[in-house]
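Chemist: Need coordinates for the following:
(one chain, ligands or ions: 2)
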Amino acid sequence: MQAARILVDGQSDLVLDYGIPPEAGDVKPGCRVQVPLRNRTATGTVLTLSEPAPAWKDRLKPILKLIDPEPLISPVMMNLASWAADYYSVALDQMIRCLLPETVRQENTAEKMRKMVYLEKTPAREELDALYRKAPRQAQMLDYFSSAKQQSAPLAAFGAGALNVARSLEAKGFISLKEEAVHRDPSTGEQFVPTQPMKLNSQQQKALEEITAMCAAERKKPVLLQGVTGSGKTEVYLQAVSQIVKSGKSALIMVPEISLTPQTVQRFKSRFAELPSSVAVLHSLLSDGERFDEWHAIRSGKARIVIGPRSAVFAPLQNLGLVIVDEEHDASYKQESSPRYHGRDLAVLRAHLENCAVLLGSATPSLESIHNALIGKYSLVKLTERADGQQLPLIRILDMKTEGRNKSGPNVISERLRMSIDRRLDKGEQVILLLNRRGFARSIQCPDCGHVVTCLHCSLPLTYHRTEDRLMCHLCGFKALPPRSCPECRSANILLQGYGTQKVEELLRRTFPAARITRVDADVARRKNAVRTILNQFRAHKIDILLGTQMIAKGLDFPNVTLVGVLNADLGLHIPDPRAGERTFQLLTQVAGRAGRGDLSGEVIIQTFTPQSPSLQYARHHDTDGFAAQELEMRRTFDLPPFTHIAVLTIRSQHESMAEFATQTLAARLRGMLPPPATMTDPMPAPIPRAHGQFRFQITVKGPSARILSRTLRKLVQEAGLGEDLTAVIDVDAMSFM
Ligand SMILES: Nc1ncnc2c1ncn2[C@@H]1O[C@H](COP(=O)(O)OP(=O)(O)OP(=O)(O)O)[C@@H](O)[C@H]1O
Ligand SMILES: [Zn+2]
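Modeler: Ligands and ions are numbered 1, 2, ... in the order given. Down below sits the predicted model:
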């Protein structure tokens with residue numbers, strides 16, 4: 001009897017061997033099975049098959065039943081899962097859970113069925129008239145088909161009691177009733193007008209040819225498409241995908257966040273509108289039913305184009321021909337909870353395992369990707385001009401130390417910016433204002449003694465929410481009344497410092513009373529479809545000024561926007577993160593790219609207290625290469641990514657001394673385990689030392705091989721056998737250090 005190693009659902013890393021009895025059928029890796037577990041039955045997924053050691057042969061419990069005749073997980077995806085589990089130090093079952101969503105794994109989730117009425121025989125006029133006299137509802141049902149010129153309709157369309165009516169008609173042979181599976185399509189109700197491919201300019205043409213060549217090549221390299229904002233990257237994606245689909249293969253398009261990139265989704269849905277339901281959109285707001293249906297539509301090949309955020313890298317596409325990662329630098333590709341995988345990195349790996357082409361696109365690629373291009377691992381294609389032939393917008397940097405002061409202290413909107421906004425509004429043009437919310441905007445700081453009001457449970461500064469008139473912690477949700485005076489020095493000026501989108505909105509309304517102003521921030525984005533509705537209104541010019549946080553910086557295309565103002569460019573620079581400069585550069589370049597995308601030329605005004613910072617200066621000159629060169633030089637000097645890998649081990653506990661002691665003990669052991677040239681820091685409190693009521697201490701390790709760092713930390717934690725009050729978190733290739 002062969003044995004199968006099975007990942008049993010429900011318990012972390014419970015991997016058990018079972019025997020495969022002949023009656024179980026063709027059990028393969030990636031199949032789900034039913035197995036006995038103590039006194040109950042459990043479900044599980046087959047990881048590997050093996051010949052059991054002779055001594056074990058008779059002691060293995062047998063598999064009860066094979067659930068899927070064909071494996072739900074392809075061998076390539078099994079491979080990807082094991083690789084990721086090892087690389088990111090998570091249990092294999094966690095990765096399998098990403099591959100098979102809960103609703104797909106549960107055997108009992110069924111397709112949604114509905115009753116359909118099919119017309120079998122069209123009644124003659126006299127028959128219908130007679131029916132109208134005897135049984136008017138039956139007549140109406142039949143009449144529906146002739147007037148609607150349809151052969152079928154859902155029973156539910158005929159209202160209550162329709163089942164009896166339909167049964168009578170079925171008995172008379174006019175119609176038949178059938179059960180059908182409904183596809184729960186998340187975009188039902190939306191209309192997509194088909195679009196035609198555009199004639200590519202020569203740079204776009206070259207980019208497309210490079211991708212086509214890579215698709216055909218025996219040995220493939222990822223293609224990095226570095227194209228300035230508005231250079232027509234999306235059109236290149238569309239035509240590349242079109243080629244792939246025509247050749248009978250499937251394509252995966254990854255985007256940072258669906259709710260923030262509605263235009264990209266719309267453009268794909270429209271371009272491929274002629275292929276019904278061929279574009280599947282995955283995102284976190286899908287209902288279980290929708291997710292189940294989309295998953296099976298993708299797996300069966302009904303949907304051969306998939307758009308989704310980082311988790312879409314696990315979509316069960318067959319015969320994959322191309323993977324596209326749009327805005328590949330975006331931080332949201334890294335999952336910040338377990339499993340802490342990087343969607344872009346797994347996309348590159350998946351493409352490698354499937355031997356298909358992969359395209360990474362961005363106006364401001366990550367330094368990791370630029371580095372890979374420079375050393376020849378990636379093939380680099382550039383789009384240096386806007387597709388519409390427009391100039392890139394003129395960027396002006398305003399030093400708020402001199403420009404922004406008035407009697408009461410620093411101003412939110414400088415006089416220069418105010419005048420520019422006025423001018424644009426007078427001409428009937430539109431304005432985007434960005435409030436950089438990385439870092440601690442909206443926090444309450446006493447202007448007299450410098451005291452910052454922080455959360456009682458986390459050390460994070462509390463932020464002020466106008467509508468509720470409360471201070472809130474964005475980590476744990478703690479709420480408090482704003483103090484009337486400074487708890488430290490009793491100064492009454494306490495509320496003056498710091499400002500959030502709500503406060504700026506209020507101020508804007510006062511400054512520009514005639515303008516129509518709308519705010520988009522995380523609070524607004526939580527409401528389903530709110531962002532999309534606002535963006536549609538903005539496009540229709542029902543809004544003059546759009547005020548928002550970094551979420552409005554992404555991939556939006558509004559031809560009538562001629563001015564973009566960045567209110568506080570440097571906030572994100574002053575945080576403990578080696579990528580702070582890179583993120584600020586990317587944010588400014590992206591948001592500047594929203595200006596002047598139509599026939600009107602654009603202008604960008606950046607307000608800052610640190611005008612000399614390289615992130616700002618290079619952004620001002622649209623100089624991605626220049627920024628990358630100097631930033632890479634700095635990273636090399638300080639041995640930071642992409643020249644090394646960083647992993648962070650965080651130990652959390654409700655008890656501060658326990659966490660600190662455990663971290664010190666681990667650090668001492670780690671010193672003896674970490675193979676050179678890897679290095680480590682001393683244990684330290686995390687930049688946010690307390691979150692969700694837990695104290696957090698960190699050790700940061702650095703080294704040329706992420707896998708060695710990961711395996712060493714994993715071994716360390718496993719051997720230490722931490723007690724119940726302690727949690728260890730390993731974050732490989734960490735992107736956030738808070
Ligand atoms: N070959 C072309 N000829 C004419 N117009 C084009 C062409 N390609 C793209 N465009 C238009 O140029 C505009 C910008 O293109 P697109 O949004 O694809 O750029 P992008 O590089 O994806 O921009 P971003 O990085 O800012 O999201 C769009 O309105 C698009 O319709
Ligand atoms: Zn808190």
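
Chemist: For stretch 158-173, buried residues please.
Modeler: Using 16 or more other C-beta atoms under 10 Å as the test for burial, stretch 158-173 gives 158, 162, 165, 166, 169, 172. To be clear about C-beta, it is placed using only N, CA and C from the backbone, and glycine gets the same treatment.

Chemist: so which of the residues you listed also contact ligand 2?
Modeler: For ligand 2, no contacts are drawn from the buried residues of stretch 158-173 by C-beta under 5 Å from the ion.

Chemist: Give me the subset of those residues that lies in helices.
Modeler: 162, 165, 166, 169 (DSSP state H).

Chemist: The longest helix seen in the chain - contacts with which helices or strands?
Modeler: For the chain, the helix with the greatest residue count under DSSP H is helix 656-673. When contacts are defined as 3 or more C-beta pairs under 8 Å, 6 or more residues apart in numbering; DSSP states H and E, helix 656-673 packs onto strand 645-653, strand 679-680, strand 694-703, helix 706-720, strand 726-732.

Chemist: who's in contact with the longest one?
Modeler: If you take C-beta atoms under 8 Å, 6 or more residues apart in numbering as the criterion, helix 706-720 is touched by 86-89, 645, 647, 649, 662, 665-666, 669-670, 673-675, 678, 701-703, 728, 730, 732-733.

Chemist: Of the residues you listed, keep whichever come out buried.
Modeler: Of these, these count as buried by 16+ other C-beta under 10 Å: 87-89, 645, 647, 649, 662, 666, 670, 674, 678, 701-703, 728, 730, 732-733.

Chemist: And the strands in the stretch 51-200 of the chain?
Modeler: 65-66, 112-119, 152-154, 175-182 (DSSP state E, counting those that start in this stretch).

Chemist: do the same with the stretch 351-500 of the chain
Modeler: 357-362, 379-383, 394-399, 405-406, 409-410, 430-434, 463-465, 470-472, 479-480.

Chemist: could you give the angle of the second one to strand 357-362?
Modeler: Taking axes from the mean of the first three to the mean of the last three C-alpha atoms, to 10 degrees, one finds that strand 379-383 is oriented at 40 degrees with respect to strand 357-362.

Chemist: Can you name the residues of the protein that neighbour ligand 1?
Modeler: Residues of the chain that fall close to ligand 1, judged by C-beta under 6 Å from any ligand atom: 198-201, 204, 227, 229-235, 363, 387-388, 555, 557, 593.

Chemist: Inside helices: which ones of those residues?
Modeler: Using DSSP H, the residues of the chain next to ligand 1 in helices are 204, 233, 234, 235.

Chemist: Would you point out which residue of the stretch 401-550 of the chain is nearest ligand 1?
Modeler: Ligand 1 sits closest to residue 539 of the stretch 401-550 of the chain, with a gap of 11.8 Å, by C-beta to the nearest ligand atom.

Chemist: Would you quantify the distance from that residue to residue 432?
Modeler: Residue 539 sits 12 Å away from residue 432 when distances are taken as C-beta to C-beta, to the nearest Å.

Chemist: Which one of these two is surrounded by more residues?
Modeler: Taking neighbours as other C-beta atoms under 10 Å, residue 539 and residue 432 compare with residue 432 leading, 25 against 17.

Chemist: what mean pLDDT does the longest helix of the chain have?
Modeler: Mean pLDDT, computed over helix 656-673, is 92.

Chemist: That one to strand 694-703, inter-axis angle?
Modeler: Inter-element angle recorded for helix 656-673 and strand 694-703: 10 degrees (by the same axes, to 10 degrees).

Chemist: Neighbours of residue 352, how many?
Modeler: 16.
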